[in-house]
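In: The sequence and its predicted three-dimensional model are supplied below.
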Amino acid sequence: MQILLIASAFNSLTQRVFAELGDRGHAVAVSVVDGDDSLRAAVRRHCPELVLAPMLTSAIPRDVWSRRPCLVVHPGPPGDRGPAALDWALHEGEQRWGVTVLQAQEEMDAGPVWASAEFAVPPGVTKSELYRGEVADAAVEAVLLAVQRFASGSWRPRAQEGLRVRTRPALRQAQRRIDWEAQPTEAVLRALRAADSRPGVRDEFLGAEWFLYGGHPEDRLRGRPGEVLATRAGAICRATVDGAVWIAQLRRCRTPDAPAGVKLPAVLALGDALPDVPEVPAPLELPAHRCTWSDIRYTEQGEVGFVRFRFPGGAMSTEQCRRLLTAYRFACRRPTSVVVLGGERDFFSNGIHLNVIEADTDPAAESWANINAIDDLVEAVLTTTDRLVVAAVAGNAAAGGAMLALAADEVWCRAGSVFNPHYRLMGLYGSEYWTYTLPRRVGARQAQALMEQAAPVSAARARSLGLVDRIVAGPAQEFAGAVTRMAADLIGESDVPVRIAVKKATRERDEGLRPLAAYRAQELERMQEAFFAPDAPYHALRSAFVRGLPAPGAQERLEALSRLYAPSRRIAGKDEVCQL
């Protein structure tokens, strides 16, 4: 079937829907639209049998939906309506939620239902984690069912009459506001989690207005409500009336004298405004009874060591890469046979931290420091020859983060993960030893194709290509437990000493053929050109990405991607007009 995805951004859900539909043989095109005219133009250009909107922040105009089938993904159960469904669900503490695929009509979210799916809302989950995990799983399930029903030609959608209808407006900052002098920790956390990723919670402190992102409880530090008590790994700890919370990121609000800032680690965002408070590091081996925030942890179970990391947005700054390398080296000194590298849910890694780079006084120099820091980490994984290394990919992995995973001996990923093993959309050649690891996984020809196509890859396709060794089915919340069991099975079922010996011999052979240092030098030579040339595309592309602006040439790249994944799909030419 010829399907056109229309979206306000080619975000994680749109990428996953694109990849999943393509895997099933549909001719899928995608267009990012910013208004009615661009939406109409996309429909005329692609002549789809079905228009599908996985993430659209505006209504589809009547002249489109009245003449062509249009399905919309709404992140709420049937009967829920409004632009802030997930925000309200977490704000009000819903324990079960859902996703609905409905037909577009005049009233938003009120059209007939083609499919829906439900899920449990895990305790303590943030909006962004929920969106990329349970919501994305439910959305894909419902989209695939809706497309199947539509293709049958015989199934009729069900009107919403008789449903319990609840229409709610956007959740405003006035409703999100934290009263530090009155609200208990749990209420503060709920507000922060419901606004995670965007829009954040607006708050005034330390002489400025900020948007707060991320909320994690703290079990020991205490102080005057609202006061900054300590820092840890770039985050700040603020006191509540009955405890304290860790806030990982801040963004300065727009003022009459300055534009809005970019989202940054809280300590970096505050700069000189940060009061003189202590840095209170968390132990790497954090006791299970502690209830506090740490972005890197180490645990052991038998012969398996787990290096678990969780960086906001999946980006890894120079400092974060260095701390993760320190943790990894610690793990490699332990008496284990297997090291598992990865988080419990959400992003694995998206590579270098573009926001931190953008905010630096010398973005080129910070880019260079960041790429070398992540290269050091990947090199450490590649040169580990006395034990097996498993990359546990709980969520999406992109660019250098994808290559970090490929440095491991085995890659285990959740079924809902999406890989973007390329750098092209940021105008970069790439590093992290990809010229060594990617061809050895998929072959030289396929490696080049992945780089040039710059297409999102589903977990299933990643497995068929050889990027992934094992797929872990099940909800995001169950991934960590499944990986723990699989790692124990790996010890019990494999001749680990033999595998380690073979691995060591292979690394020595490969080093003799071409040293790792040669791969790194060749990659960094290309990266240095992109970082330090003032007119290199990387700078404009990075700035647009960080600030949420349209990237130069983005629509042209999506058109190329659409042609790649649907070579037989008819696209209206200059002398042909596709009628709405």
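Out: Now that the structure is in, tell me what you want to look at.

In: Leu4 reaches Arg44, doesn't it?
Out: No. Counting by CB atoms under 8 Å, Leu4 stays clear of Arg44, with 10.5 Å between them. In short, each C-beta sits where N, CA and C put it, glycine included.

In: which one of those two has more residues nearby?
Out: Between Leu4 and Arg44, counting by other CB atoms under 10 Å, Leu4 is the more crowded of the two (26 against 15).

In: The more buried one is in what secondary structure piece?
Out: strand 2-7 (DSSP states H and E).

In: now do Ala117
Out: strand 113-120.

In: Longest helix in the chain, please.
Out: Scanning the chain for the helix with the most residues, using DSSP state H, yields helix 363-382.

In: Any idea how far it is from the middle of the chain?
Out: Helix 363-382 sits 20 Å away from the centroid of its parent chain (CA atoms, centre = their mean, to the nearest Å).

In: model confidence over it, on average?
Out: Averaged across helix 363-382, the pLDDT comes to 98.

In: For that helix, buried residues please.
Out: 363-364, 366-375, 377-382 (16 or more other CB atoms under 10 Å).

In: coming back round to it: other SSEs contacting the strand holding Leu4?
Out: In terms of contacts (3 or more CB pairs under 8 Å, 6 or more residues apart in numbering; DSSP states H and E), strand 2-7 is packed against helix 12-23, strand 27-32, helix 36-46, strand 50-55.

In: Leaving out chain neighbours, which residue sits closest to Thr385?
Out: Leaving aside its sequence neighbours, Thr385 sits nearest to Lys504 (CB to CB, 6 or more residues apart in numbering; 4.1 Å).

In: Pull out the buried residues from the strand or helix carrying that neighbour.
Out: Assigned by DSSP H and E, Lys504 belongs to helix 496-513. Neighbour counts over helix 496-513 (16+ other CB under 10 Å) mark Val496, Arg499, Ile500, Lys503 as buried.

In: hang on, the earlier thing: let me see the mean pLDDT of the strand holding Ala117.
Out: 98.

In: And it, what's buried?
Out: Buried, per 16+ other CB under 10 Å, within strand 113-120: Val113, Trp114, Ala115, Ser116, Ala117, Phe119.

In: again with stretch 47-64
Out: Under 16+ other CB under 10 Å, the buried positions of stretch 47-64 are 47-48, 50-56, 59-61, 64.

In: how about those residues in a markdown table, adding distance to Glu106 and pLDDT?
Out: Output for the buried residues of stretch 47-64, formatted as a markdown table (distance: CB to CB, whole Å; pLDDT from 0 to 100):
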| residue | distance to Glu106 | pLDDT |
| --- | --- | --- |
| Cys47 | 24 | 93 |
| Pro48 | 21 | 96 |
| Leu50 | 20 | 98 |
| Val51 | 16 | 98 |
| Leu52 | 19 | 98 |
| Ala53 | 15 | 98 |
| Pro54 | 21 | 98 |
| Met55 | 21 | 97 |
| Leu56 | 16 | 96 |
| Ala59 | 9 | 94 |
| Ile60 | 10 | 97 |
| Pro61 | 10 | 96 |
| Val64 | 12 | 97 |
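
In: Just give me the closest of those residues to Glu107.
Out: For these, the minimum distance to Glu107 (CB to CB) is 9.1 Å, reached by Ala59.

In: residue ranges for the strands of the stretch 301-450 of the chain, please.
Out: With strands called from DSSP state E, counting those that start in this stretch, the stretch 301-450 of the chain shows them at 304-309, 338-341, 388-393, 397-398, 410-414, 418-420.

In: So which of those is the most surrounded?
Out: When you average the neighbours per residue for each of the strands of the stretch 301-450 of the chain (mean count of other CB atoms under 10 Å), strand 397-398 leads with a mean of 28.

In: now that one, how far from the centre of its chain.
Out: With CA atoms, centre = their mean, you get 8 Å for strand 397-398.

In: what does stretch 183-197 give?
Out: With CA atoms, centre = their mean, you get 21 Å for stretch 183-197.

In: contacts for it?
Out: 86-88, 90-91, 93, 124-129, 131, 171, 176-178, 180, 201, 212-217, 240-245, 247, 313 (CB atoms under 8 Å, 6 or more residues apart in numbering).

In: From Asp469, how far out is Glu410?
Out: 5 Å (CB to CB, to the nearest Å).

In: what about the strands of the stretch 301-450 of the chain, which gets the closest to Leu324?
Out: That would be strand 304-309 among those, by CB to CB, at 5.6 Å.

In: Which strands border that closest one, and is each parallel or antiparallel?
Out: Within its sheet, strand 304-309 is paired with strand 296-301 (antiparallel), strand 338-341 (parallel), according to DSSP bridges.

In: pLDDT averaged over the last one - what is it?
Out: Put plainly, it is strand 338-341. 98.

In: what about dumping the CA coordinates of it to CSV?
Out: What follows is strand 338-341, C-alpha atoms only, in CSV (Å, rounded to 0.1, in the frame of the first residue of the first chain):
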residue,chain,number,x,y,z
VAL,A,338,31.0,-10.8,31.0
VAL,A,339,30.4,-7.1,31.1
VAL,A,340,27.0,-5.8,30.1
LEU,A,341,27.0,-2.1,29.0
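
In: contact partners of it?
Out: With CB under 8 Å, 6+ apart as the criterion, strand 338-341 contacts 303-307, 309, 328, 331-332, 381, 384, 387-392, 404, 408, 483, 487, 490-491, 496.

In: just to revisit the earlier point, output the helices and strands packed on strand 2-7 as a markdown table; include the columns distance to Ala459.
Out: Formatted as a markdown table, those follow (distance: least, CB to CB, whole Å):
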| stretch | distance to Ala459 |
| --- | --- |
| helix 12-23 | 9 |
| strand 27-32 | 17 |
| helix 36-46 | 27 |
| strand 50-55 | 17 |
